[in-house]
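Novice: just need the structure, nothing else, for what follows:
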Amino acid sequence: MKRRTFLKASATSTLSAASQLGLGGMFAGISKWSFAANPEQAISINKSINNGPFIVVFLRGGADGLAILSPLDDPNFLAARPPEMRFTKEKAANSTPITLDGTNFYWHPAAAPLHQLLSNGRLIAWPAVGIKDETRSHFEAQEIIERGVQNLQSFPDSFGWMARQVYLNKNHIPPNPNALPLFAGSNTMPRAMQGANQMLAVRDLQGGISFPGGPASLKGVQALAEVDNNHPAAQMMLGNFSSLDQVNNALPKTDNKVLPYVTSAQVPYPDSDPGVGLRSVARIMQTNLGLQYAWVDYGGWDTHEYQPGKINYQIEQLSKALLAFDEDMRAQNKDYKLVVMTEFGRRLISNKSNGTDHGHGSLALVMGSSVSGGKMMGRWPGLETSQLDRGVDLAVTTDYLQVLKNA
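Specialist: Presented below is the predicted three-dimensional model:
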């Protein structure tokens, strides 16, 4: 067997074990797409990271933005959902509504920390955000957003949009070989980082990073990759191993044991998603390894049934995690920009299982140290049948790319 064939086969066998470190996801789908003839034609999303790293918290599954921030004075909304599928104004997190285009909105009772962030001028609520493509497929919609495109018919290159910003956007300073420009506080690499060889995906960094199979397994895979370091797969693997070593070496230790990260604020990180991932992002920021973009996945938003109980928990964990992260960054006087988004929203009318099916427009949140918050942005399309997309879904009035570009 030729050693390149051996390298490819052996690398494939390690991907399952290595995927939790973001090492396996690096190769997913790369061979499917070709590079653009002119990389300058690639879509540019965010042109500057001068105000700290740009972070995305992605609500996988299609979050019901209408449940998070509800138009409780709209008779169309009240008629579309039975009492158990909505909350009353008396239980809302904000007693005074926030208004957009003459419509009053109220935060879900579990979203009190979001109301606090908005009241403190640290957060913007942006309803009716989504993709313009009409797909209601999770996989297609997520691929569109993570690749930074308008549809799946053509791609400007083989990069995810975060990797594209680091490696193709001439407005950015290329990372030095010892930097970690891309980090995911998740168990797998997001497609947004596809094509990068200086990235790492680790959900929880409290105890440092342990390679699956232990040090001996890591050394074996490194030796395998070094056999033919001109091979693209080997180059990517070695780049990720380098990132792993950089992070482990940068973490504070006592007697060679990694010290757990402790927030600088009074608000603790929830020991659940997305709090764990955001805590890991905060830890990477503290290492000063040149972080430019970060991604944190938060799943569980596909609420086809039993939505009230599920979404109460989801919103509570999201809200607490965002407040904890912002308070931590404020205490450290660290700059950052963060966007919360999802692939699509849910239907206006609930189904017979006390849930909501796949929809179109949803809710985005923008927060950070330089955000002029305390308000809503975008345009509210209304909930009359004639104003709905396909007559059933909240219409998209702001393309997701506009949120990312203008955040």
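
Novice: so where do the strands sit in the protein?
Specialist: Here the chain has its strands, by DSSP state E, at 54-59, 69-70, 98-100, 103-107, 123-130, 182-184, 199-201, 253-254, 257-258, 293-298, 337-342, 362-368, 375-376, 398-399.

Novice: now render those as a markdown table, adding mean neighbour count.
Specialist: (Each C-beta comes from the backbone N, C-alpha and C, glycine too.) Output for the strands of the chain, formatted as a markdown table (neighbours: other Cβ atoms under 10 Å):
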| stretch | mean neighbour count |
| --- | --- |
| strand 54-59 | 24 |
| strand 69-70 | 25 |
| strand 98-100 | 17 |
| strand 103-107 | 21 |
| strand 123-130 | 26 |
| strand 182-184 | 31 |
| strand 199-201 | 29 |
| strand 253-254 | 10 |
| strand 257-258 | 13 |
| strand 293-298 | 25 |
| strand 337-342 | 24 |
| strand 362-368 | 26 |
| strand 375-376 | 16 |
| strand 398-399 | 17 |
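
Novice: among these, which is nearest residue 352?
Specialist: Distance to residue 352, taken as Cβ to Cβ, is lowest for strand 69-70 among these, at 20.7 Å.

Novice: ok, and what's touching that closest one?
Specialist: Contact partners of strand 69-70, identified using Cβ atoms under 8 Å, 6 or more residues apart in numbering, comprise 77, 86, 87, 92, 105, 106, 107, 108, 111, 125, 127, 363.

Novice: residue 157: which of those residues is nearest?
Specialist: The closest of the contacts of strand 69-70 to residue 157 turns out to be residue 363 (Cβ to Cβ; 29.8 Å).

Novice: any idea how far that closest one is from residue 376?
Specialist: 10 Å (Cβ to Cβ, to the nearest Å).

Novice: any idea of the pLDDT on residue 266?
Specialist: The per-residue pLDDT reported for residue 266 equals 97.

Novice: cool, the one 3 residues further on as well?
Specialist: Turning to residue 269, the model gives it a pLDDT of 98.

Novice: run a quick neighbour tally on it.
Specialist: Using other Cβ atoms under 10 Å, the number of residues around residue 269 comes to 24.

Novice: would you agree it is in contact with residue 323?
Specialist: No - the pair residue 269 / residue 323 is not scored as a contact, 9.8 Å apart, by Cβ atoms under 8 Å.

Novice: what sits in contact with each of residue 363 and residue 376?
Specialist: What both residue 363 and residue 376 touch, as defined by Cβ under 8 Å, 6+ apart, is the set 125, 126, 127.

Novice: which one of the residues you listed is nearest to residue 312?
Specialist: Relative to residue 312, and with distances defined as Cβ to Cβ, the nearest of these is residue 125, at 18.7 Å.

Novice: check contacts around that closest one.
Specialist: Counting by Cβ under 8 Å, 6+ apart, residue 125 touches 69, 98, 105, 114, 118, 363, 365, 375, 376, 377.

Novice: how close does the first one sit to residue 203?
Specialist: If I follow you right, that is residue 69. 28 Å.

Novice: now the second one
Specialist: For residue 98, the distance to residue 203 under the criterion Cβ to Cβ works out to 33 Å.

Novice: the helices in the stretch 251-400 of the chain, which residues?
Specialist: Using DSSP state H, counting those that start in this stretch, the helices of the stretch 251-400 of the chain run over 275-287, 307-332, 400-406.

Novice: now swap in the stretch 51-200 of the chain and tell me
Specialist: Ranges of helices within the stretch 51-200 of the chain are 65-68, 75-80, 112-119, 138-147, 161-167, based on DSSP H, counting those that start in this stretch.

Novice: wait, which of the ones you listed is closest to residue 392?
Specialist: helix 75-80 (9.7 Å).

Novice: now that closest one: buried residues?
Specialist: 77, 80 (16 or more other Cβ atoms under 10 Å).
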